[in-house]
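In: just coords:
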C-alpha cells in the first residue's frame, strides 16, 4: 500500500523559510518521480516542483529561485525547501507520486500540510 506523509508546514512571516518533507512507503522510491503541489482556498491545485528518479528538477515559474526540491533515496523522502516566502505561497502543500501497472497509471497523494505566510 502506497503512503505519502507530509510534514513541516506551519506559520511563517513573509520572507521566512520552511522545509517540507514527504515520507513515502510502498513504492520503489528511488525510481519514482515525486511532485509537490499546492492548493490555496478558492484556487485550483497547481504543481509547484517535480523531481525525477534520476534527479532532474522542474519548478513552476512563481517559485523559481526560491524553492528547491530534493530527495533522499536512503530515507524514502522528498523535500521542498522554501525560502523568501510570500503571502501568495500560502496553501496546503501535497506530495504526489504515481505507479504504472499494465499501462494503467495510479496517482497517490499525501494528506497535505498547511503553509501560512503572514504579511
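Out: Looks like it came in fine. Given the structure is predicted, the values throughout are model-derived calculations rather than measurements.

In: and residue 98, what does it touch?
Out: 32-33, 105-108 (Cβ atoms under 8 Å, 6 or more residues apart in numbering). Bear in mind the C-beta positions are built from the backbone N, C-alpha and C, glycine included.

In: change it to 10 Å
Out: Contact analysis of residue 98 by Cβ atoms under 10 Å, 6 or more residues apart in numbering lists 2, 27, 32-35, 105-109.

In: same deal with residue 29?
Out: Residue 29 neighbours (Cβ under 10 Å, 6+ apart): 23, 53, 71-78, 97.

In: ok, and the most crowded of those residues?
Out: Greatest neighbour count in the contacts of residue 29, by other Cβ atoms under 10 Å, goes to residue 78: 29 neighbours.

In: now it, which residues is it bridged with?
Out: Assessed by DSSP bridges, residue 78 has beta-bridge partners residue 22, residue 71.

In: just the contacts of residue 98: which are in strands?
Out: Judged by DSSP state E, strands contain the following of the contacts of residue 98: 34-35, 105-109.

In: buried subset of those residues as a PyMOL selection?
Out: The buried residues among these can be selected in PyMOL (16 or more other Cβ atoms under 10 Å) with this line:
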select buried, resi 34+35+108+109
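
In: quick one: pLDDT of the residue positioned nearest the centre of the chain?
Out: What sits nearest the mean C-alpha location of the chain, by Cα atoms, centre = their mean, is residue 36, with 2.4 Å. Per-residue confidence (pLDDT) for residue 36: 98.
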